[in-house]
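**Student:** just a sequence and a predicted model for now, questions to come.
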Amino acid sequence: MSKMKQMYLNLKKFKLIGIVLILLWIKTLIVMLAGFNITPHSLMDICLLLINSIGSLMIVLGVSFYFRKKIHAFTLFLMMVIITGILYADLLYFRFYSDYVTLPILFQFKNVGGIGPSTFELMSPWDVLLFIDILWAGWYLKKKRRMPSIKPREKATYLLAGTAVVMLTILLGLIKSPYLFEEVYDREQMVTAIGPFNYHLYDTGYALGVNLNPLTASRNDTSSPLKYTKSKENEQTDLFGIAKGKNVILISMESTQNFVINKKIEGEEITPFLNSLVDESFYFNQIYDQTAQGKTSDSEFMIDTGLYPLASGSVFVRNPDNVFKGMPHILKESGGYYSAVFHGNDATFWNRNRMYDSLGYDRFFSKKDYEVTEENSVNYGIKDIPFFDQSVSYLQDLPRPFYSRFITLTNHFPFLLEEKDQFISEASTKVDVVNRYVTTVRYEDEAIKEFFGKLKEEGIYEDSIFVLYGDHYGISEKYEPGVMELLGMEDTTLNHVQLQQVPLIIHIPGTEGKTITSIGGEVDIRPTILHLLGIESRENLSFGHNLFTRVKNHPVIFRDGGFVTEKYIFKDNMCYRRKNGEAVMDNQCDSYKEIARKELGMSDDIIYGDLLRFLE
Ligand code: GP9
Ligand code: MN
């Protein structure tokens, strides 16, 4: 037999695997292009898109013969089902979160539940197309009795070929994005470069690997983050110590975005109380949501520690036993503060019960401390008005001064509210979620107003400083067109980024109001509060900047590596001029990218390595 013929016969054995490979490859390509909306910008992008799933698919399909002499039909079918299942789960997750699943997020479902709305809502009839080839494969493989046998040498060659394609993919990925693996948090960059299957593999390895970091970390690892954070500017202002010794009352306003402030719907204000408060407070109107997959818990984490949240999963769930230097610790040390959190949900949600111990809280008032009935609850639990109402009596009994956080809940997706609690009519955009949102925000506003009223009656108001902040976005990208319609905005990158702003209102009774337009993020809230309380915080390992003196061109960094500066916006690996949203050359953003990489990397090192234990 000629060599050519022999080669042909050898290859023929792999015909079936080849067909399955091509089917899965096409599906993956379609999902990447149409599902994840990956747009290739260059020839390199096209090459990567075309090859990045092939190597991993080859290796996985090989499982059908690695351990046997012949290709095992059922195993091949099973691999096809598993791969399609992963792809479909990725697609559904992406449709809701515009993000990729990570290993830690799968583990935190037990603390927070799964995908928000019903999974059915995320499905489309077209999705059936993803499964048609499986039906064919099931029928064909069942019918096909004789499967080709594969020799050990052929197995090795096949595995080698698969591995070579994976290596080539990684190489090209690194040529395109040299910081691919330093910027693991940029999941879009990673999936675009190495494909969804290699990404899942890397993400799993990374998530498991970082668990070992505390074993290898040492005091030396603290020196560069300490040096970096100590070099931050620390300008003093007349406001230093203006609220010295006062009680601190933080109000986490669930899902409250900045666009609701001073916005009217058919002549009615969405937040009449907050609007009036803004006039008598420091109102920071350019503060960005910096949370990631940990949502509310990420905002709490930033405010209490001045560290960035993790890129995947919530620190509350992943690292609750770390040593932290939380706000409660600092305030206890420097001002004898007692600290407490008030929240009407189960204590275990977001693992709060464990994490609050590490953050230094003295007391956590959770669901079991409230009278929660069907009548006074909606959606996740007790409504904000009874929540604040019942909290006041606990607050009266707290030792003074106290540091406290009240976490509201009613304005949570999918924004449900009985008619009797609606103080404003629903909006009338094409998106129901947005229409309901204005009613739950309005309800939250009423609850805060009543809370302030009670605190005045009880004499707590005068001795306190209030920090009200939106914890994160409420309207996800999927429903954003409704907000654009409501605000008469065009659907542009610039407007999308602007919608990531959350309100931050710091109210000190007796102090005149002022709107502060400098940019900032949630990580900056801690040093700002400490400044007002007259507490020097520079030596603490943290990344926030005092918002009253924040250096203008320091980027507000997001967890996916994107950022906003005074002049630029960096989003989805594109650099834009902030003034007009015009796309500009990448290198304009390069120096800020470097800062983002550095800060996110250091913050991750501190958390993964549990480095703060060395500074106790
Ligand atoms: C629930 C509250 C809301 O306890 O923190 O959760 P979220 O989904 O916004 O993180
Ligand atoms: Mn929240």
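**Tutor:** Received the coordinates, thanks. Ligands and ions are numbered 1, 2, ... in the order given.
**Student:** chain neighbours aside, what residue packs nearest to the residue in the chain positioned nearest to ligand 1?
**Tutor:** In the chain, the residue that lies nearest ligand 1 is residue 295 (3.0 Å; CB to the nearest ligand atom). Glycine gets a C-beta too; all of them are placed from N, C-alpha and C. Using CB to CB, 6 or more residues apart in numbering and skipping the chain neighbours, the partner closest in space to residue 295 is residue 472 (5.7 Å).
**Student:** quick one: that neighbour and residue 298 touch, right?
**Tutor:** Yes. Here residue 472 lies in contact with residue 298, judged by CB atoms under 8 Å, at a distance of 7.4 Å.
**Student:** show me what from the stretch 151-300 of the chain comes close to ligand 1.
**Tutor:** Proximity of the stretch 151-300 of the chain to ligand 1, by CB under 6 Å from any ligand atom, involves residues 254, 295-296.
**Student:** so which of these comes closest to residue 577?
**Tutor:** Nearest to residue 577 out of those is residue 295 (CB to CB; 30.5 Å).
**Student:** residue 474 is in contact with the closest one, correct?
**Tutor:** No. Contact status for residue 295 versus residue 474: not in contact, 10.7 Å apart, counting by CB under 8 Å.
**Student:** which one's more surrounded, the two?
**Tutor:** Counted by other CB atoms under 10 Å, residue 295 and residue 474 do not tie: residue 474 has more neighbours, with 26 against 20.
**Student:** looks to me like the more buried one is in a helix.
**Tutor:** No. Counting by DSSP: H, G, I helix; E, B strand; the rest coil, residue 474 is located in no helix; its state is coil.
**Student:** per-residue pLDDT of it, please?
**Tutor:** Per-residue pLDDT puts residue 474 at 97.
**Student:** is it true that residue 54 touches residue 163?
**Tutor:** No. If you go by CB under 8 Å, residue 54 and residue 163 don't touch, sitting 11.6 Å apart.
**Student:** higher neighbour count, those two?
**Tutor:** Comparing residue 54 with residue 163 by neighbour count (other CB under 10 Å), the higher total belongs to residue 54, at 22 against 14.
**Student:** list phi and psi for the closest residue to residue 409 other than its chain neighbours.
**Tutor:** Spatial nearest neighbour of residue 409, chain neighbours left out: residue 380 (5.1 Å); criterion: CB to CB, 6+ apart. Main-chain torsions, residue 380, degrees, to the nearest 10: phi -70, psi -20.
**Student:** look up how far residue 436 lies from residue 380.
**Tutor:** To residue 436, residue 380 is 15 Å away according to CB to CB, to the nearest Å.
**Student:** who has more neighbours out of residue 472 and residue 298?
**Tutor:** Between residue 472 and residue 298, counted using other CB under 10 Å, residue 298 has the larger neighbour count: 26 against 22.
**Student:** wait, is that one part of a helix?
**Tutor:** Yes. Under three-state DSSP, residue 298 falls within a helix.
**Student:** that one is in contact with residue 313, isn't it?
**Tutor:** No. The pair residue 298 / residue 313 is not scored as a contact, 9.9 Å apart, by CB under 8 Å.
**Student:** nearest residue to the closest residue to ligand 2 within the stretch 151-300 of the chain other than its sequence neighbours?
**Tutor:** Nearest to ligand 2 in the stretch 151-300 of the chain, going by CB to the ion, is residue 296, at a distance of 3.3 Å. Spatial nearest neighbour of residue 296, chain neighbours left out: residue 471 (4.9 Å); criterion: CB to CB, 6+ apart.
**Student:** report how many residues lie close to the one you found.
**Tutor:** Neighbour number of residue 471 under other CB under 10 Å is 27.
**Student:** mind listing what it touches?
**Tutor:** 252-256, 289, 291, 295-296, 299-300, 407, 502 (CB atoms under 8 Å, 6 or more residues apart in numbering).
**Student:** narrow those to those in helices?
**Tutor:** In helices, judged by DSSP state H, the following of those are found: 295-296, 299-300.
**Student:** residue numbers of the stretch 401-550 of the chain in contact with ligand 2?
**Tutor:** residue 471 (CB under 5 Å from the ion).
**Student:** tell me the spacing between the residue nearest to residue 409 and ligand 2.
**Tutor:** Here residue 380 is placed at a distance of 9 Å from ligand 2 (CB to the ion, to the nearest Å).
**Student:** so which bits of the host helix or strand of residue 22 are buried?
**Tutor:** Using DSSP states H and E, residue 22 maps to helix 15-30. Neighbour-count burial for helix 15-30 flags 16-17, 20-21, 23-25, 27-29 (criterion: 16 or more other CB atoms under 10 Å).
**Student:** now do stretch 203-219
**Tutor:** Under the neighbour-count criterion of 16+ other CB under 10 Å, stretch 203-219 has 203, 206-207, 210, 213, 217 buried.
**Student:** also stretch 480-498?
**Tutor:** 480-486, 489, 494, 496-498.
**Student:** from the chain's centroid, how far away is that stretch?
**Tutor:** Stretch 480-498 sits 20 Å away from the centroid of its parent chain (CA atoms, centre = their mean, to the nearest Å).
**Student:** repeat for stretch 249-265
**Tutor:** Worked out by CA atoms, centre = their mean, stretch 249-265 lies 19 Å from the chain centre.
**Student:** then it to CSV, C-alphas only?
**Tutor:** The C-alpha coordinates for stretch 249-265 follow below in CSV (Å, rounded to 0.1, in the frame of the first residue of the first chain):
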residue,chain,number,x,y,z
ILE,A,249,-24.9,56.5,59.4
LEU,A,250,-24.3,54.9,56.0
ILE,A,251,-27.3,54.2,53.9
SER,A,252,-26.7,51.7,51.1
MET,A,253,-29.4,52.5,48.5
GLU,A,254,-30.1,49.3,46.6
SER,A,255,-29.6,49.5,42.9
THR,A,256,-29.9,53.3,42.9
GLN,A,257,-28.3,55.0,39.9
ASN,A,258,-27.5,58.7,39.7
PHE,A,259,-29.8,59.4,36.8
VAL,A,260,-32.8,59.4,39.2
ILE,A,261,-31.5,62.4,41.1
ASN,A,262,-33.5,65.6,40.1
LYS,A,263,-35.3,63.7,37.4
LYS,A,264,-39.0,64.1,36.9
ILE,A,265,-41.5,61.7,35.3
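**Student:** my guess is residue 315 contacts residue 294, does it?
**Tutor:** Yes. With contact defined as CB under 8 Å, residue 315 reaches residue 294; the gap is 6.5 Å.
**Student:** find the residues that touch each one of those two.
**Tutor:** Counting by CB under 8 Å, 6+ apart, the residues touching both residue 315 and residue 294 are 301, 309.
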